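> have a look; sequence and predicted model below, questions after that.
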Amino acid sequence: MAFDANRLREQFPILKLEANDHPLVYLDNAATTQKPQAVLDALIAYYTTSNANVHRGAHYLSDRATTQFEQARDRVAHFINAEQADHVIWTKGTTESINLVAYGLEWCLKPDDEILITSLEHHANLVPWQQLAFRTGARLRVLPLTSKGEWEPEYERYFNEHTRIFACTQISNAIGVKTPIKEMLAAAKAVNAFTLVDGAQAVAHYPIDVQDLDCDFYVFSGHKMYGPTGIGVLYGKPHALEVLTPVQTGGEMVRHVTYNSTEFNVLPYRLEAGTPHIEGVIGLAAACDFLTSQDREEMVQWEQRLARYVYDELKFNTAIEIYSPASDTTVVSLSVPGIHTMDLNGYLDSQGVAVRAGSHCAHPLMAQLGVSSTLRASFACYNTLSEARRFCDVLLEAIEILGDD
Amino acid sequence: MTDLNCDAIQARLQACTSKEATFKELVSLSKQLKRLTDADKIEENKVKGCESAVWLVEHQNNGLCTFQADSDAKLMRGVLMVILSLVNGHSKAELQQRDLIAELSEFNLSSYLTSSRTNGVLGILKQIQANDPSNL
């Protein structure tokens, strides 16, 4: 049976809302996705049947909470095809995951070492590395990728004997283009660099196999894949997680403490100080279940079809510049020269259409594209063709209203 | 800059019963804003924290303030028209005592005035109330 977005969206209660007297058209999914009833139910069920602190108490509720919490780790590990559940570290989200690695690897960097990122990174996968470079005297280098996600073979010289860390996004948040991740990871591994993949924009759309990617670290956020906010994942290979210095210390991450010394706990607890975001973890596992119960191939084809529809509707309009690729993406990022994206956004919002206007936390990429901001429509599994059409219609109305002087 | 009639602007905005109507009213207001010249649109006149660029220039005459402002976004130019109608022709001491945020909220602009990072209106009001170092 073909993928049925209209049926799927029944599972998302928020999509029935009106916004500014119009049916809500939610196309800001790259910022955060809406949550299916199954995720909302999991959160309520946790608090109504299982709430207790995990790993500590030995009572009925704490056993329930701990069991669900650790089962969730199994489910998330399975979701990304991690070798073992204890390779999954809970974090607040992608940003915290990257910071844990950037601080945790500080000991291994010295002046003259190089940290390599690409020109398509979100600030979350740029600033932590830049600051790490400042602290250690290492150099931050930027591998140039075109806005089509292409690289030139001669760029292999960026990977050299000085390269200690290579951090790269799998998909650009700002323009939705895929990076040549496997080729770049191969080049990074050839020079023995630590590798980190920012999967924040990939997990909601594509099945993730961290063993196939063969990266040292893979990071993502729950809220961009139909899960709750405030929960994310740092996956790491054992040898990579083992060498991370714990950034946060305290309860949960220790085995034995005296006033003179502390023996740290084993992975994953060593990197999870304090009481974790228990209901977030349980909600994230429910989101993984939601995704794995779909036909992922059909789902992403549907999302790409919506982006393609918008691209084809707008591509011949001379007032509009599109920065996203024509195909193989779920995002359409564009600008209308002469009209501020905040103004376009204001009109779209007045018609109930939610998109993102701005620099998408990617100032250097905006500079590369020669704009200060773009308008980004990003699609999820519950969006429909009529919503894609509505976005185009309202955008064209906005251009007519705003372009008259 | 003389036809900044605060009451008339307020009446027009209060008559808006939808976000679309407010949007169109702000766009219409934006057309009345006297634009700054490029010479005034310099970095030191820029108000920080606005997603669209906003420039603010202050003049004082006989103890009364006159502000001029501009933006590269129309909606913001409409909002600037509202703000200037509230603050122009008053002394700095008086402006500092007024609750400009509360006054602005009377203009039916609440959704344009959220203190999110995409909106620098609070920053503009702060700068209007701050002492201009060149006039000290």
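Arrived safely, thanks for sending.

> element containing the closest residue to residue A:206 other than its chain neighbours?
Excluding the flanking residues, the one nearest residue A:206 by CB to CB, 6 or more residues apart in numbering or on different chains is residue A:300, at 6.2 Å. Every residue, glycine included, has its C-beta placed from N, CA and C. Residue A:300 belongs to helix A:296-314 when assigned by DSSP states H and E.

> now do residue A:100
Per DSSP H and E: helix A:94-104 holds residue A:100.

> against which helices or strands is that helix packed?
strand A:88-91, helix A:127-136, strand A:194-198, strand A:217-221, strand A:232-236 (3 or more CB pairs under 8 Å, 6 or more residues apart in numbering or on different chains; DSSP states H and E).

> please identify the buried residues of the second one?
I take that to be helix A:127-136. A:127-129, A:132-133, A:136 (16 or more other CB atoms under 10 Å in any protein chain shown).

> which one of those residues is nearest residue A:48?
Proximity of the buried residues of helix A:127-136 to residue A:48 (CB to CB) peaks at residue A:128, which lies at 38.0 Å.

> returning to what we had before: chain B: which of the buried residues of helix A:127-136 is nearest?
Using CB to the nearest CB, the shortest approach to chain B within the buried residues of helix A:127-136 belongs to residue A:127, at 15.7 Å.

> mind checking pLDDT for that closest one?
Listed pLDDT for residue A:127 reads 98.

> re the thing from before, what is the mean pLDDT for the helix holding residue A:300?
98.

> please save the CA atoms from that helix in CSV.
Listed next in CSV are the C-alpha coordinates belonging to helix A:296-314 (Å, rounded to 0.1, in the frame of the first residue of the first chain):
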residue,chain,number,x,y,z
ARG,A,296,11.1,4.1,5.9
GLU,A,297,11.8,3.9,2.2
GLU,A,298,8.3,5.0,1.2
MET,A,299,8.3,7.7,3.9
VAL,A,300,11.4,9.5,2.8
GLN,A,301,10.4,9.2,-0.8
TRP,A,302,7.2,11.0,0.1
GLU,A,303,9.1,13.7,2.0
GLN,A,304,11.4,14.2,-1.0
ARG,A,305,8.4,14.3,-3.4
LEU,A,306,7.0,17.2,-1.4
ALA,A,307,10.3,19.1,-1.6
ARG,A,308,10.5,18.3,-5.2
TYR,A,309,7.0,19.6,-5.9
VAL,A,310,7.9,23.0,-4.3
TYR,A,311,11.2,23.1,-6.2
ASP,A,312,9.5,22.5,-9.5
GLU,A,313,6.7,25.0,-8.8
LEU,A,314,9.1,27.8,-8.0
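
> which is the next helix or strand following it?
By DSSP H and E, the next helix or strand past helix A:296-314 is strand A:321-322.

> what lines up beside the helix or strand following that next one in the sheet?
With elements assigned by DSSP H and E, the helix or strand that comes after strand A:321-322 is strand A:331-335. Strand pairing for strand A:331-335, determined by DSSP bridges: strand A:321-322 (antiparallel), strand A:374-378 (antiparallel).

> please compute how far strand A:331-335 lies from its chain's middle.
18 Å (CA atoms, centre = their mean, to the nearest Å).

> got the contact list for that strand?
Residues from elsewhere that reach strand A:331-335, judged by CB atoms under 8 Å, 6 or more residues apart in numbering or on different chains: A:30, A:174-176, A:307, A:310-311, A:314, A:320-324, A:341, A:360, A:371, A:373-379.

> averaged pLDDT, that strand. What do you get?
On average, strand A:331-335 scores 97.

> now the angle from it to helix A:296-314?
20 degrees (axes from the mean of the first three to the mean of the last three CA atoms, to 10 degrees).

> let's see strand A:331-335 as PDB, backbone CA atoms only.
Extracted C-alpha coordinates of strand A:331-335, given in PDB (Å, rounded to 0.1, in the frame of the first residue of the first chain):
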ATOM      1  CA  VAL A 331      14.100  20.800   2.300                       C
ATOM      2  CA  VAL A 332      13.600  23.900   0.100                       C
ATOM      3  CA  SER A 333      15.700  26.800   1.200                       C
ATOM      4  CA  LEU A 334      15.200  30.000  -0.800                       C
ATOM      5  CA  SER A 335      15.400  33.800  -0.900                       C
END
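
> and that strand, which residues are buried?
So for strand A:331-335, counting by 16+ other CB under 10 Å, buried means A:331-335.

> let's see the longest helix along chain B as PDB, backbone CA atoms only.
What stands out as the longest helix in chain B, according to DSSP state H, is helix B:74-87. In PDB, the C-alpha atoms belonging to helix B:74-87 read as follows (Å, rounded to 0.1, in the frame of the first residue of the first chain):
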ATOM      1  CA  LYS B  74       9.300  46.200   5.900                       C
ATOM      2  CA  LEU B  75       7.500  44.800   8.900                       C
ATOM      3  CA  MET B  76      10.300  46.200  11.100                       C
ATOM      4  CA  ARG B  77      10.000  49.600   9.400                       C
ATOM      5  CA  GLY B  78       6.300  49.500  10.300                       C
ATOM      6  CA  VAL B  79       7.100  48.700  13.900                       C
ATOM      7  CA  LEU B  80       9.700  51.500  13.900                       C
ATOM      8  CA  MET B  81       7.000  54.000  12.700                       C
ATOM      9  CA  VAL B  82       5.000  53.000  15.800                       C
ATOM     10  CA  ILE B  83       7.900  53.300  18.100                       C
ATOM     11  CA  LEU B  84       9.000  56.700  16.700                       C
ATOM     12  CA  SER B  85       5.500  58.100  17.000                       C
ATOM     13  CA  LEU B  86       5.700  57.200  20.700                       C
ATOM     14  CA  VAL B  87       9.100  58.600  21.600                       C
END
